[in-house]
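Colleague: Prediction below, plus the sequence it came from.
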Amino acid sequence: MDTLFNFLIDTGFAGMTWGNAIMILIGGIFIYLAITKDYEPLLLLPIGFGAILGNIPYAEGMSLSVYDEGSVLRYIYFGVSQGVFPPLIFLGIGAMTDFSTMLSNPKLVLLGAAAQVGIFLTLIGALFLGFSPAESGAIGIIGGADGPTAIFLSSRLAPHLLGAIAIAAYSYMALVPVIQPPIMKLLTTRKERLIRMKPPRQVSKRERIIFPIAAFLICAMIAPGSIVLIGMLFFGNLLKESGVTERLANTARHAMIDIVTILLGFSVGASTQAQTFLKPESLLIFGLGALSFCVATTGGVLFAKFMNLFLKEKINPLLGAAGVSAVPDSARVVQMVGREEDPDNHLLMNAMAPNVAGVIGSAIGAGILWSVLMH
């Protein structure tokens, strides 16, 4: 009977708390959104299942969670806590990305820069709510709409907030199709949404090869703190554009990024134990995250309208919303909203220019915040 009693008190049922139940429910909601709504399924499904796994109670002394010394999950989570996985994801993104649309219309880069206003306004908001400068910088990067960048910077500036920041960043990235369209429609007129863009010009192979090298040097000199992320992004792009390392590029953009995405999403989800995750500061981070996405979208759209005051050839202001670096979802949202007004208005290729510029901009922003706030 003693053996049976000890077994019963060591089951998950006996140790279950309301917090664990809430987090398991949230994990289930993530899985539901991934499967039925197709909201970033490659991320939300691993995170959702990881959250369920991470909130199963277990007996004291068993090393099972990402926080327990000697746990298998802790070794997987090492790639998150030490910022190993984000650069590998950037390598894969670089090997996938075609910068031709950005090179064919360089002024659209400014839209990617303008959308980064969400980072710095969110930082100010976090400071106002009582977070430290380092914590505020880590929270602010959520406004860049780039999950790997958010994980990388928070692992450096505020590792104790990493779980909440990662979940907030990926949650709102998944909700880009829900968050952005109302803001885009509110800030633009129908006439503006009907503006058609010229097809991107043909970019030569020489330009595509020179760009990742030159762009890396410029970005690294501006923000040395971004070297790891930017370096991997442009290295991956050089593998793709060189034409002589197709096997390496294929590995980076398929097998490797898929493996890293699985491990990152699952371990981030497993880190959301109710005892460490369900705190007032987590709710504040989620609120600031939602605000940052709205501000970033607003900044990109309004800056496009501002540019139109000086341009003879007008830009469709919807493109400004693609300045957030949720690649390629925000570009798809621009295409979707544009086609609601005119089914023959294809904005996707042009929207990819500010979209990939936003990836670069968020990484540079992270490098700047790291160098300024690490002291």
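Modeller: Happy to help now that I have it. No experiment lies behind these values; they were computed from the predicted model shown.
Colleague: how about the helices in the stretch 201-350 of the chain?
Modeller: Counting by DSSP state H, counting those that start in this stretch, one finds helices in the stretch 201-350 of the chain at the ranges 205-222, 227-242, 246-251, 257-270, 274-277, 280-308, 329-341, 348-373.
Colleague: could I get those helices as JSON lines with mean pLDDT?
Modeller: Compiled in JSON lines, the helices of the stretch 201-350 of the chain are given as follows (pLDDT from 0 to 100):
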{"stretch": "helix 205-222", "mean pLDDT": "96"}
{"stretch": "helix 227-242", "mean pLDDT": "96"}
{"stretch": "helix 246-251", "mean pLDDT": "96"}
{"stretch": "helix 257-270", "mean pLDDT": "95"}
{"stretch": "helix 274-277", "mean pLDDT": "87"}
{"stretch": "helix 280-308", "mean pLDDT": "93"}
{"stretch": "helix 329-341", "mean pLDDT": "94"}
{"stretch": "helix 348-373", "mean pLDDT": "93"}
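Colleague: Mean neighbour count for those - can I get that in TSV?
Modeller: C-beta: built from backbone N, CA, C; applies to glycine. Listed next are the helices of the stretch 201-350 of the chain as TSV, based on neighbours: other C-beta atoms under 10 Å:
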stretch	mean neighbour count
helix 205-222	15
helix 227-242	23
helix 246-251	15
helix 257-270	22
helix 274-277	18
helix 280-308	21
helix 329-341	21
helix 348-373	25
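Colleague: Quick one, which of those gets closest to residue 167.
Modeller: When the helices of the stretch 201-350 of the chain are compared for distance to residue 167 using C-beta to C-beta, the nearest one is helix 257-270, at 6.8 Å.
Colleague: could I have that closest one exported to PDB, CA atoms only?
Modeller: Written as PDB, here are the backbone C-alpha positions of helix 257-270 (Å, rounded to 0.1, in the frame of the first residue of the first chain):
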ATOM      1  CA  ILE A 257      16.100  25.400 -40.600                       C
ATOM      2  CA  ASP A 258      13.400  22.700 -40.200                       C
ATOM      3  CA  ILE A 259      15.400  20.900 -37.500                       C
ATOM      4  CA  VAL A 260      16.200  24.100 -35.700                       C
ATOM      5  CA  THR A 261      12.600  25.400 -35.900                       C
ATOM      6  CA  ILE A 262      11.400  22.100 -34.300                       C
ATOM      7  CA  LEU A 263      13.900  22.300 -31.500                       C
ATOM      8  CA  LEU A 264      13.400  26.000 -30.900                       C
ATOM      9  CA  GLY A 265       9.600  26.000 -30.900                       C
ATOM     10  CA  PHE A 266       9.400  22.800 -28.700                       C
ATOM     11  CA  SER A 267      11.900  24.000 -26.100                       C
ATOM     12  CA  VAL A 268      10.500  27.500 -25.900                       C
ATOM     13  CA  GLY A 269       7.100  26.000 -25.300                       C
ATOM     14  CA  ALA A 270       8.500  23.600 -22.700                       C
END
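Colleague: still on that earlier bit, could I get the helices of the stretch 201-350 of the chain in a markdown table, plus columns for distance to residue 29?
Modeller: Putting these into a markdown table (distance: least, C-beta to C-beta, whole Å) gives the following:
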| stretch | distance to residue 29 |
| --- | --- |
| helix 205-222 | 38 |
| helix 227-242 | 30 |
| helix 246-251 | 34 |
| helix 257-270 | 12 |
| helix 274-277 | 15 |
| helix 280-308 | 14 |
| helix 329-341 | 19 |
| helix 348-373 | 27 |
